[in-house]
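Chemist: Here is my input, please return the structure:
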Amino acid sequence: MSTVSQRLAALRGAMEAAGVAAYLIPTGDPHSSEYLPAHYNSREYFSGFTGENSTLVVTMEGSALWADGRFFVQAEKELAGTEIQLMRMGEPGVPTVEEYCAAHLAEGQSLGLCGLTASCLLVRELQKVLDPKGVEVRTLTLEDQLWVEGRPALPATPAWLLPAEYAGATPGQKLARLRQKLTEQGCTAQMVGKLDNLAWLLNLRAMDIQCTPYAMAYCFVTQTDAVLFINGQRLAPEAAQALAGDGVQLADYDSVLAWLERYDREQTVLADPDSVNYAVFRALEGNPHLTVKSLPDPLLPMKGVKNETELAHSRECHLRDGVAMVRFQKELEERMAAGETLTELTVDEILHKYRSAQDKFLVESFGTIAAYGANAAMMHYHATDADHAVLQPKGFLLVDCGGTYLDGTTDITRTYPMGPLTEEERLCYTWTLQSHIELARAVWLDYCTGQMLDTLAREPLWQHLINYRCGTGHSVSFVGNVHEGPHALNGRNQVRFQPGMVVTDEPGVYEGGRLGIRIENELECRHKEDNQYGTFLCFEPLTWVPIATSPIVPGVLTREQLDWLNGYHRKVFQLLAPRLTEDERNWLAAKCAAIGA
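Modeler: Take a look at the predicted model:
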């Protein structure tokens, strides 16, 4: 097995042969996916960094990797011993990827990248700073040339259609909605490149990406037909027949570029530069029959507001998931009390045992994060066989996990006290819970954006001059990826919240080397009331699982916050108790007991 240093040396040799002075490897596949099929983990292969949302740039003299605040601690650890410089995204004085490339490339030089794994938006941002310097962006496939050692194959799992009884609409009905949106935007066609949008549009599912039930595919939609680019043998005959009945033709996945280049009907094509890869975008723009409009994908806001069928199924799905979480916690506590030696890996095993036993379970919605003690300071830490902690009867265990079922997708975090806690741990836990509650009980007018609501969650922590380097919450797909859009709770999101949107509520405290605390529920945005002041909205939890009360410092939560917590626990017991055994109900009653009365 080669080392990172050897791989970078090989890459530089290939760069010199190709005549490029720098090479950029994004975290990306041909569909701008957040989680990648293992085949496309090129940035991880060349850098050794296993986190998300990062970019590697290699020049002849050095290399740098950009990571966001969730991964600073992890990146320091994984890049240690390599030449790669960590660029802490968003920190003062840290250049952007574009600024770095502009500073390290001179007139007449070239930057190379793979056109299939780089979005058009990324290349455009690079061109803004490189074109004035006379630096060319060239599309190459150096990853494919060099990564042959143990590279996973392209995914080709069986593809199927989510029944309309769960999705709430057929592919034909969704295509009709999309065509109406395209007409409103002056377009006659759309190139759909992002897998979650395509999955929603055609109810298409597979398991091409770990923990994400999507199929690698593209779709070209016009006002009269649609072409799905997928390896057709993967589709069950009844699925292919159903799609054909909705006017969807099949073409081979690898034929997409050639098909677009020879397309001979006049179309005005909507293509989102943020989700259509650079190679496909160039094929569209190079066809004289196609007029390309760079516009946001209209499918994203369409699927971001769940229909009543999806919401009803999601509510039921979360109750079954809640049962699994109760049984997990009960077993964990009993085995710890019996003196067993348990590790972070044991947590994942217990969770899988109970989740996979639930009706309609498909797969975990992401790799379980079981982080004990200081490991929890790394927001997206993952225990491995070679590197994991043994649980001790003290401190906190953070567990972030979820499941994807035939009728919904869950995402939940609980921070469990394992024994005696320090005063710092108890205070940080209490303040995090305050932040969680303040968002959950919020009421707002319907002009409020994700940016505005994010502030409500942070204020209790800001009072103590504490912040977290990530968003407060993200949208969750229906039987899909655990992170979607367009709405989110962070300092940048300008999307107005609407009834039917689902978002997570997950503030936290992360102190490197000491502790990590997070409390997360999924919330459903609901209409509250209309009056002379406008339309008021609120949240209702989708997640019903007890929140640990023993770490709470008395006298810190307000009366309103206590009332919310006690009311939440009353409903947890009411909803879950009928699904549990008598022994489990007794355990749950103790966990849901009112405090501060």
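
Chemist: tell me the SS of the residue lying closest to Pro507 once chain neighbours are set aside?
Modeler: Excluding the flanking residues, the one nearest Pro507 by C-beta to C-beta, 6 or more residues apart in numbering is Ser435, at 3.8 Å. The way it works is simple: take the backbone N, C-alpha and C, and place the C-beta from them, glycine included. What DSSP: H, G, I helix; E, B strand; the rest coil gives for Ser435 is helix.

Chemist: Ala590 now?
Modeler: Assignment for Ala590 (three-state DSSP): helix.

Chemist: From the contact counts, what lies against the lengthiest helix in the chain?
Modeler: The residue-count maximum for a helix in the chain (DSSP state H) belongs to helix 308-337. Contacts defined by 3 or more C-beta pairs under 8 Å, 6 or more residues apart in numbering; DSSP states H and E place helix 308-337 against helix 164-167, helix 344-356, strand 403-405, strand 408-409, strand 412-417, strand 521-531, helix 559-576, helix 582-591.

Chemist: Out of these, which gets nearest to Glu506?
Modeler: strand 412-417 (5.8 Å; C-beta to C-beta).

Chemist: coming back round to it: shouldn't the residue nearest to Pro507 be in contact with Pro460?
Modeler: Yes. Taking C-beta atoms under 8 Å as the definition, Ser435 is a contact partner of Pro460 at 4.7 Å.

Chemist: More neighbours: which of the two?
Modeler: Higher neighbour count among Ser435 and Pro460: Ser435, with 27 against 24, using other C-beta atoms under 10 Å.

Chemist: distance of that one from Phe49?
Modeler: Distance of Ser435 to Phe49, given as C-beta to C-beta, to the nearest Å: 29 Å.

Chemist: Give me the helices and strands touching the worst-scoring helix or strand of the chain on mean pLDDT, please.
Modeler: One helix or strand of the chain scores below all others by mean pLDDT, DSSP states H and E: helix 72-79, with a mean of 90. Judged by 3+ C-beta pairs under 8 Å, 6+ apart, helix 72-79 is in contact with strand 63-67, strand 85-88.

Chemist: Give me the angle between that helix and strand 63-67.
Modeler: Calculated by axes from the mean of the first three to the mean of the last three C-alpha atoms, to 10 degrees, helix 72-79 forms an angle of 150 degrees with strand 63-67.

Chemist: how far does helix 72-79 sit from the chain's center?
Modeler: Offset of helix 72-79 from its chain centre (C-alpha atoms, centre = their mean, to the nearest Å): 20 Å.

Chemist: ditto for stretch 36-49
Modeler: From the chain centre to the centre of stretch 36-49 is a distance of 17 Å (C-alpha atoms, centre = their mean).

Chemist: tell me the mean pLDDT over that stretch?
Modeler: Stretch 36-49 carries an average pLDDT of 94.

Chemist: May I see the buried residues of it?
Modeler: Residues of stretch 36-49 classed as buried by neighbour count (16 or more other C-beta atoms under 10 Å): Leu36, Pro37, Tyr40, Asn41, Ser42, Arg43, Glu44, Tyr45, Phe46, Ser47, Gly48, Phe49.

Chemist: quick one: the fifth one and Gln233, what's the gap?
Modeler: Taking C-beta to C-beta as the measure, Ser42 and Gln233 are separated by 27 Å.

Chemist: How far does stretch 57-67 stretch from one end to the other?
Modeler: By C-alpha to C-alpha, to the nearest Å, the extent of stretch 57-67 from end to end equals 12 Å.

Chemist: and it, which residues are buried?
Modeler: Across stretch 57-67, burial judged by 16+ other C-beta under 10 Å covers Val57, Val58, Thr59, Ser63, Ala64, Leu65, Trp66, Ala67.

Chemist: residues near the residue nearest to the fifth one when sequence neighbours are not counted, how many?
Modeler: Yep, that's Ala64 we're talking about. Excluding the flanking residues, the one nearest Ala64 by C-beta to C-beta, 6+ apart is Gln85, at 4.4 Å. Counted with other C-beta under 10 Å, residues neighbouring Gln85 total 13.

Chemist: any idea what Glu261 is structurally, helix, strand or coil?
Modeler: Classification of Glu261 using three-state DSSP returns helix.

Chemist: What sits closest to it if chain neighbours are left out?
Modeler: Ala283 (5.4 Å).

Chemist: Which element, helix or strand, includes the one you found?
Modeler: If you go by DSSP states H and E, Ala283 is part of helix 278-285.

Chemist: related to what we said a few turns ago, now tabulate the helices and strands packed on helix 308-337 in TSV and tack on mean neighbour count, mean pLDDT and distance to Arg492.
Modeler: Formatted as TSV, the helices and strands packed on helix 308-337 follow (neighbours: other C-beta atoms under 10 Å; pLDDT from 0 to 100; distance: least, C-beta to C-beta, whole Å):
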stretch	mean neighbour count	mean pLDDT	distance to Arg492
helix 164-167	17	98	30
helix 344-356	19	97	32
strand 403-405	28	98	27
strand 408-409	29	98	24
strand 412-417	22	98	22
strand 521-531	17	98	19
helix 559-576	16	98	28
helix 582-591	14	98	37
